[in-house]
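Engineer: next one to model:
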Amino acid sequence: MAAAVDRTLPDVLAPDLAVLFVGINPGLWSAATSRHFARPGNRFWPALHRGGFTPEQMHPSQQDDLPRYGLGITNLAARATARADELTPEELVTGVRILTDTVRRYRPRWVAVLGVTAYRTGFARPKARFGPQPERLGEARLWVLPNPSGLNAHFQLADLAAEFARLRVATGQFAADGGSASSAT
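Structural biologist: Below is the predicted model:
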């Protein structure tokens, strides 16, 4: 794992995605395996499925299949660390500038940042809460989701899945199981 420090991961991107999920930065396990949200305790993949974005729970090795569901992944900070609190505020602010360019280029309809503290710092919104945000990033609407890391004890998997489902409904995406989503709130 020590060899994975400061490594970067390629983004999972395609033009015109429904949702671009934005992690804080890769963890060491993810950097070592070249897979987003790869640590076994990370709850991104289960929450994504239980929130209705995918018809089955995907494995990190299937990350390149996400664009067929209209989904992508990037990070605010590119370098891998053991914990997100190892990043500097400047790295998060710089990450927002890079993310802004990515959003302009790929035009996702929604950008979902996975971590309210990183969002508050990077976007200079100290009072931001989970859910939809009043500002936009380019043409994309912004949403803040809880950090799915296993280190985030404030949210259990059921709570994370419910937050992901709120986003899915707001996007107007059909549920992955074939049911339709409610109208946006």
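Engineer: what ranges do the helices span in this protein?
Structural biologist: Taking DSSP state H as the test, the helices found in the chain are 28-33, 44-50, 89-106, 116-122, 157-171.
Engineer: can I get the ones you listed in CSV with mean neighbour count and distance to residue 13?
Structural biologist: All C-beta spots, glycine's among them, are computed from the backbone N, C-alpha and C. Formatted as CSV, those follow (neighbours: other CB atoms under 10 Å; distance: least, CB to CB, whole Å):
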stretch, mean neighbour count, distance to residue 13
helix 28-33, 20, 17
helix 44-50, 21, 16
helix 89-106, 16, 5
helix 116-122, 21, 19
helix 157-171, 19, 17
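Engineer: out of those helices, the one nearest residue 17 is which?
Structural biologist: Closest to residue 17 of those is helix 89-106 (CB to CB; 6.6 Å).
Engineer: what helices and strands are in contact with the closest one?
Structural biologist: Packing partners of helix 89-106 (3 or more CB pairs under 8 Å, 6 or more residues apart in numbering; DSSP states H and E): strand 19-23, strand 71-75, helix 116-122, strand 131-137.
Engineer: got a list of contacts for that helix?
Structural biologist: 11, 13-17, 20, 22, 24-25, 72, 74-79, 111, 118, 121-124, 137-140 (CB atoms under 8 Å, 6 or more residues apart in numbering).
Engineer: middle-most residue in this protein, spatially?
Structural biologist: The centroid of the chain falls nearest to residue 21 when counting by CA atoms, centre = their mean (2.9 Å).
Engineer: contacts only, for that residue.
Structural biologist: 44, 71-74, 112, 114, 145.
Engineer: how about low-confidence regions in the chain?
Structural biologist: Low-confidence segments of the chain (pLDDT under 70): 1-6, 175-185.
Engineer: go again using 80 as the cut-off
Structural biologist: The chain contains residues with pLDDT under 80 at 1-8, 150-153, 173-185.
Engineer: now render the contacts of residue 21 as JSON lines, adding distance to residue 103.
Structural biologist: Output for the contacts of residue 21, formatted as JSON lines (distance: CB to CB, whole Å):
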{"residue": "44", "distance to residue 103": "20"}
{"residue": "71", "distance to residue 103": "14"}
{"residue": "72", "distance to residue 103": "11"}
{"residue": "73", "distance to residue 103": "13"}
{"residue": "74", "distance to residue 103": "9"}
{"residue": "112", "distance to residue 103": "12"}
{"residue": "114", "distance to residue 103": "15"}
{"residue": "145", "distance to residue 103": "17"}
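Engineer: thanks a lot, catch you later.
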